[in-house]
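Chemist: model the structure of this input:
(chains A and B)
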Protein chains: 2
Amino acid sequence: MIQTPYLLFLGDAPDMLACKVAIGIRDWRPRHAVGQMRLPECRADLGLTEMTLEEGLAAGARTLVIGVANRGGLISPAWKEQLLKALEAGYDLASGLHNLLRDEPELADAAARHGRTLHDVRVPSVKYPIASGIPRSGKRVLTVGTDCSVGKMYTALAMDTEMKARGLKSSFRATGQTGILITGEGVPLDAVVADFMAGAVEWLTPDNDADHWDHIEGQGSLFHVSYSGVTMALVHGGQPDALILAHEPTRTHMRGLPDYALPTLEALRDTALPLARVANPDCRVVGVSVNTQHLAEDAFEAYLAEVEDRMGLPTVDPYRQGAGRLVDALVAH
Amino acid sequence: MIQTPYLLFLGDAPDMLACKVAIGIRDWRPRHAVGQMRLPECRADLGLTEMTLEEGLAAGARTLVIGVANRGGLISPAWKEQLLKALEAGYDLASGLHNLLRDEPELADAAARHGRTLHDVRVPSVKYPIASGIPRSGKRVLTVGTDCSVGKMYTALAMDTEMKARGLKSSFRATGQTGILITGEGVPLDAVVADFMAGAVEWLTPDNDADHWDHIEGQGSLFHVSYSGVTMALVHGGQPDALILAHEPTRTHMRGLPDYALPTLEALRDTALPLARVANPDCRVVGVSVNTQHLAEDAFEAYLAEVEDRMGLPTVDPYRQGAGRLVDALVAH
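Modeler: As a prediction, this is how the structure comes out:
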């Protein structure tokens, strides 16, 4: 578990797009972010209080989170000086970059010398079990997508936030790097060894109160040939009671696969639900989450209404409309 | 690639069941097995020529294969002396045991000193790519099961053997430890990192002659919640042109999951085929392979006839009847 709160390191980010991780933490766990720290070259600004390392410590920060990704996932030499100073000052470091903090000898030495922890959230730190398939108490909802990167994490975070706002028992369960840095814990599922994927999801979503909901972050898609095995492990390891279908209606082909068309929402429902019922016979599809960011202001509501009518399911864009109707559907389940 | 031929080391095997790997090599690649080597305590006998290490070398053996598994997958101290002598005499060692040869300091030292290779086939030795989904030339058949351990590897090996006997172009593509030791190469799919599973299967079954068939060894089952993600990666990474359904009719529950019933062959067909068509729209289910070892001599033919009638597909037990009718169906495809 990563110690909170964080100081968010934006480095020399050329734009806001490079700061996806930091933005996720700011938007979903604002109490975890005491401020932002930038190099002089930085062109991004999250609107958080600007802090030096010392000011961050004084504000309570325990971990400096690398909230920026650069080309190739490298740990930039431009950042190294500040990262070393952070370890010396008493911070742990956390990173979801492809290149690992622990593989940088200077950082590893400094962490050992100062008794600090390097969190490389891209690498599993737990020996996960083989999945047992034994039913667990509590409720679970999994968001499954017609494609990768259609808003599954956003949907799960929005439902968790809405449930907490209503005073309901709720946890977001992170399965990817950004989600883990947002919440401080989770399973980097795409880096888990094949035999232990479903077991890792069981481990992540253990027995809980009967009225507690786990919002499991989805990965990949059952229709994305590169990553469908990861999705399958979520469907079976997660034992979801409810599925939310996620879709991005303007995409012309599967992400990274120019010759693969997206499935329809009907095909996704008819594929995912029977598979989910292998592990949980009571599973139901309870709603649709559409990422309408590329639909015009005067077109998105008509699209949502059309899908809602066609699918017979509450259909929302949680970014534009909130996740209230999805949570209503979960609570009614 | 493991150097052939092999001398098969049976160690102190208490019975034939412990010698599954050695039996597989003897049955499917008899030309790879120059003989067997046993400790005095060994209670198993494969009927191969008994050889010392020196006699094995004289017969051409290049690798001593650990053809026996003991409880816990350990490298037994009782074996160590012979393994060290084998490295000294000029053998490579190959093992599919859970505990790795390379993690035994004495073996690692001896291998380095004598310039020999330790093959731990349970561990991937290749950096596999992310799957591209791009169609490949040549034909591929994947055996998918209602459960784990229902005869998928046996079926694929039997079809490959039959095709080769007919002078057709054919390869068995191993995805598990036993299969890899039988053929000397392959992908230990259950040990591959999640994101690279489908890419590993693409790597294993590359472009080939238009009339060449890859017989891809299946793993797990789409209905086995512990391992379904691995199966899914085979279905999408393998891009199969043909599926064979595999079943064991006397099993009362999914292997290792006492509360999970087996799916019907119809459910397997209706689940696997649409998923396979995502990667290969021309995929068809062409036959059924039934492991009838627990059906009586006077009952198994009636069972096969009933399934054949119900499914409208050639249905055989390749162990009792050979894989001829399955190969007929592939050739007709």
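Chemist: what parts of the stretch 101-250 of chain A come near chain B?
Modeler: With the criterion set to CB under 8 Å from any CB of the partner chain, the stretch 101-250 of chain A comes near chain B through A:130-134, A:189-195, A:197-199, A:222-223, A:225-233, A:235-237. In this view, the C-beta of every residue, glycine as well, is placed from N, C-alpha and C.
Chemist: recalculate using a threshold of 6 Å.
Modeler: A:130-131, A:133, A:190-195, A:197-198, A:223, A:225-226, A:228-230, A:232-233, A:236 (CB under 6 Å from any CB of the partner chain).
Chemist: can you say which of these are buried?
Modeler: Among those, those buried by neighbour count (16 or more other CB atoms under 10 Å in any protein chain shown) are A:131, A:133, A:190-195, A:197-198, A:223, A:225-226, A:228-230, A:232-233, A:236.
Chemist: for residue A:140, give me the pLDDT.
Modeler: Predicted confidence (pLDDT) for residue A:140: 98.
Chemist: which residues does it bridge with?
Modeler: With DSSP bridges as the criterion, residue A:140 is bridged to residue A:214.
Chemist: burial of it, as a residue count?
Modeler: When neighbours are counted by other CB atoms under 10 Å in any protein chain shown, residue A:140 registers 22.
Chemist: residue A:64 too?
Modeler: Neighbour tally, residue A:64, other CB under 10 Å: 26.
Chemist: got it, and residue A:77?
Modeler: Number of residues near residue A:77 (other CB under 10 Å) recorded here: 7.
Chemist: for it, give me the pLDDT.
Modeler: 88.
Chemist: just checking: what are the partner strands of the helix or strand containing residue A:286?
Modeler: Assigned by DSSP states H and E, residue A:286 belongs to strand A:284-290. Using DSSP bridges, strand A:284-290 pairs in its sheet with strand A:242-247 (parallel), strand A:315-316 (parallel).
Chemist: list of residues touching the helix or strand just after the shortest one?
Modeler: Elements were assigned by DSSP H and E; along the chain past strand A:315-316, the next helix or strand is helix A:318-321. Applying CB atoms under 6 Å, 6 or more residues apart in numbering or on different chains, the set of residues contacting helix A:318-321 from outside is A:155, A:158, A:289.
Chemist: can you give me the strands in chain A?
Modeler: Taking DSSP state E as the criterion, chain A carries its strands at A:6-11, A:33-38, A:63-66, A:92-95, A:118-120, A:139-145, A:170-173, A:213-216, A:242-247, A:284-290, A:315-316.
Chemist: give me every residue that touches residue A:123.
Modeler: Residues near residue A:123 by CB under 6 Å, 6+ apart: residue A:191.
Chemist: ramachandran angles for it?
Modeler: Torsion angles at residue A:123 (phi, psi; degrees, to the nearest 10) stand at phi -120, psi 130.
Chemist: so what pLDDT did it get?
Modeler: On the pLDDT scale, residue A:123 is placed at 93.
Chemist: one more: residue A:60?
Modeler: pLDDT recorded at residue A:60 is 98.
Chemist: for the one 5 residues further on, same thing?
Modeler: For residue A:65, the pLDDT comes out at 98.
Chemist: what is the neighbour count of it?
Modeler: As a burial measure, residue A:65 scores 29 neighbours (other CB under 10 Å).
Chemist: also residue A:126?
Modeler: So residue A:126, with other CB under 10 Å, has 11 neighbours.
Chemist: how close does residue A:235 sit to residue B:228?
Modeler: To residue B:228, residue A:235 is 8 Å away according to CB to CB, to the nearest Å.
Chemist: same check, this time on residue A:326
Modeler: Using CB to CB, residue A:326 is found at 26 Å from residue B:228.
Chemist: can you tell me the closest non-neighbouring residue to residue A:53?
Modeler: Closest residue to residue A:53 apart from its sequence neighbours, by CB to CB, 6 or more residues apart in numbering or on different chains: residue A:89 at 4.9 Å.
Chemist: hang on, that neighbour packs against residue A:55?
Modeler: No: judged on CB atoms under 6 Å, residue A:89 makes no contact with residue A:55 at a distance of 10.8 Å.
Chemist: pLDDT wise, what is the residue nearest to residue A:53 at?
Modeler: 98.
Chemist: centroid residue for chain A?
Modeler: residue A:179 (3.0 Å; CA atoms, centre = their mean).
Chemist: doesn't residue A:217 make contact with that one?
Modeler: Yes: counting by CB under 6 Å, residue A:217 is a contact partner of residue A:179 at 4.7 Å.
Chemist: check the gap between the residue of chain A most remote from its centre and chain B for me.
Modeler: Distance from the centre of chain A peaks at residue A:113, with 32.3 Å (CA atoms, centre = their mean). Distance of residue A:113 to chain B, computed by CB to the nearest CB, to the nearest Å: 30 Å.
Chemist: and the strands of chain A: which comes nearest residue B:173?
Modeler: Proximity to residue B:173, assessed across the strands of chain A by CB to CB, is greatest for strand A:139-145 (29.8 Å).
Chemist: counting contacts, what elements does that closest one pack onto?
Modeler: Judged by 3 or more CB pairs under 6 Å, 6 or more residues apart in numbering or on different chains; DSSP states H and E, strand A:139-145 is in contact with helix A:152-165, strand A:213-216, strand A:242-247.
Chemist: redo that, cut-off 8 Å
Modeler: Applying 3 or more CB pairs under 8 Å, 6 or more residues apart in numbering or on different chains; DSSP states H and E, we find strand A:139-145 packed against helix A:152-165, strand A:213-216, helix A:228-237, strand A:242-247, helix A:265-279.
Chemist: tell me which residues in that strand are buried?
Modeler: A:139-145.
Chemist: touching, residue A:330 and residue A:159? I think so.
Modeler: Yes: counting by CB atoms under 8 Å, residue A:330 does reach residue A:159; the two are 7.0 Å apart.
Chemist: ok, those two, which is more surrounded?
Modeler: Using other CB under 10 Å, the more surrounded residue of residue A:330 and residue A:159 is residue A:159, with 28 against 22.
Chemist: what's the closest non-adjacent residue to that one?
Modeler: Using CB to CB, 6+ apart and skipping the chain neighbours, the partner closest in space to residue A:159 is residue A:323 (4.5 Å).
Chemist: again with residue A:280
Modeler: With CB to CB, 6+ apart as the criterion, residue A:280 has its nearest non-adjacent residue at 4.5 Å, and that residue is residue A:239.
Chemist: which residues touch that neighbour?
Modeler: For residue A:239, the contact set (CB atoms under 8 Å, 6 or more residues apart in numbering or on different chains) comprises A:135-136, A:140, A:202, A:205, A:279-280.
Chemist: against residue B:38, how distant is it?
Modeler: Using CB to CB, residue A:239 is found at 47 Å from residue B:38.
Chemist: please apply the same query to residue A:215.
Modeler: The spacing between residue A:215 and residue B:38, counted by CB to CB, is 57 Å.
Chemist: those two: who's more crowded?
Modeler: Neighbours per residue (other CB under 10 Å) separate residue A:215 from residue B:38, with residue A:215 holding more: 32 against 20.
Chemist: wait, the more buried one sits on residue A:174?
Modeler: No: contact criterion CB under 8 Å: residue A:215 and residue A:174 do not qualify, at 9.8 Å.
Chemist: where in chain A is pLDDT low?
Modeler: Counting by pLDDT under 70, chain A shows no low-confidence range.
Chemist: care to break it down by domain?
Modeler: A:6-120, A:139-332 (the TED database).
Chemist: winner for burial among these?
Modeler: Counting by mean count of other CB atoms under 10 Å in any protein chain shown, domain A:139-332 has the highest mean neighbour count of the domains of chain A, with a mean of 21.
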